[in-house]
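Trainee: return a 3D structure for these sequence lines:
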Amino acid sequence: MSIWKRPIDLDLLNKTSQNTLIDHLNIIYSDVGEDFISATMPVCSFTHQPLGMLHGGASVVLAETLGSVAANFCVPEGSYCVGLDINANHVRSMRSGEVTGTAKPIHLGISTQVWQINICDERERLVCTSRLTIAVKHRKPTKQEAS
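Mentor: Residues are numbered from 1 along each chain as shown. The predicted structure is shown next:
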């Protein structure tokens, strides 16, 4: 059974990422399933730290991007999600290639969500694991909608 409250269009997500940090890091949404969403990111000069390895902050950007987007597709119209807390454990270094992040829910509540995002290399070895806590907010009706 799908966790999504509305359809996810990967092409549209990639288009709406233009001129954002997501675009700058060349993060590309690549797959969606019943309970996950994935994206890829290159490991290259613009995702490196000064020692020539994947920057932990770039991994966190990929993780928060995936978890936040996924969270917003799990709430009904009139609600939206924002990040509360993120942590990351960097378990393998990389100097080149591509990583793929996959976000899956741990908890989908009315007021909070918790997402696990695993980032792996091309050989599916874990590079980073991250946990993102999300606040679910509800839009207040405008004055016109309230009358």
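Trainee: ok, residue 126 - contacts?
Mentor: Residues in contact with residue 126 (Cβ atoms under 8 Å, 6 or more residues apart in numbering) are 91-92, 118-120. (Each C-beta comes from the backbone N, C-alpha and C, glycine too.)
Trainee: from residue 65, how far out is residue 135?
Mentor: According to Cβ to Cβ, to the nearest Å, residue 135 and residue 65 sit 17 Å apart.
Trainee: looking at the two, which is more packed in?
Mentor: Taking other Cβ atoms under 10 Å, residue 135 and residue 65 do not tie; residue 65 has more neighbours (25 against 14).
Trainee: name the element the spatially most central residue of the chain belongs to?
Mentor: Centroid-nearest residue in the chain, with Cα atoms, centre = their mean: residue 66, separated by 1.1 Å. Element membership for residue 66, per DSSP states H and E: helix 56-72.
Trainee: which neighbouring elements make contact with that helix?
Mentor: Counting contacts by 3 or more Cβ pairs under 8 Å, 6 or more residues apart in numbering; DSSP states H and E, helix 56-72 packs against helix 21-24, strand 37-43, strand 79-90, strand 97-108, strand 112-120, strand 126-138.
Trainee: residue 71 is in contact with residue 5, correct?
Mentor: No. Residue 5 lies out of contact with residue 71 (Cβ atoms under 8 Å); the separation is 10.8 Å.
Trainee: mind checking which of those two has more residues around it?
Mentor: Legend: neighbour count by other Cβ under 10 Å for residue 5 and residue 71, higher for residue 71 (26 against 12).
Trainee: tell me what the closest residue in space to that one that isn't next to it in sequence is bridged to.
Mentor: In space, and not counting its chain neighbours, residue 71 is closest to residue 81: 3.8 Å by Cβ to Cβ, 6 or more residues apart in numbering. Beta-bridge pairing for residue 81 (DSSP bridges): residue 136.
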